[in-house]
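1. Structure of the sequence below:
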Amino acid sequence: MAISVLAIGWSIAAAVYLAASPVAVDGDTYDLQHSRKYVREVEGLEGKTALLTNDLNAWMAGLWHGTNLAYTIAVITAGVATACWFLVGAPEGSGTPEA
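-> Coordinates of the predicted model:
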């Protein structure tokens, strides 16, 4: 079961990767959000937590577009397949020693 989950998930990730177009970065917005003035103002008004939350939000939003989506699908698939392997067990004759 784990191998089929892995094969299907990675096939989907490969298809997304091949079909994805590069993510365009808006230079003006990026420069504004990383300028010293913006960082100082946000830190003064809302604190360091707001800066960390903003960075985390931008990172999470970036995972769901373009080639990053393919990488995200591949990693999630590997995690699910590993969980299936440990929960369901290794298939018969896989060469794993029995205790």
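
2. make it CA atoms for all contacts and neighbour counts henceforth
-> Fine.

3. ok, residues contacting the longest helix belonging to the chain?
-> In the chain, taking DSSP state H as the definition, the longest helix is helix 66-88. Helix 66-88 has contacts (Cα atoms under 8 Å, 6 or more residues apart in numbering) with 1-3, 5-6, 9-10, 12-14, 16-17, 20-23, 62-64.

4. Over to stretch 54-62?
-> With contact meaning Cα under 8 Å, 6+ apart, stretch 54-62 is reached by Asn68.

5. neighbours around Gly9, how many?
-> Around Gly9 there are 21 other residues, counting by other Cα atoms under 10 Å.

6. Contact partners for it?
-> Neighbours of Gly9 in contact, by Cα under 8 Å, 6+ apart: Ile73, Ala74, Thr77.

7. any low-confidence regions in this protein?
-> Low-confidence segments of the chain, defined by pLDDT under 70: 23-34, 90-99.

8. middle-most residue in it, spatially?
-> Thr72 (3.5 Å; Cα atoms, centre = their mean).

9. How much space separates that one from Thr53?
-> 20 Å (Cα to Cα, to the nearest Å).

10. count of residues packed around Gly89?
-> 12.

11. how about the helices in the protein?
-> Assigned by DSSP H, the helices in the chain fall at 2-19, 27-33, 36-46, 48-62, 66-88.

12. And the last one, what's buried?
-> By neighbour count, with 16 or more other Cα atoms under 10 Å as the criterion, the buried positions of helix 66-88 are 66-71, 73-74, 77-78, 81-82, 84-85.
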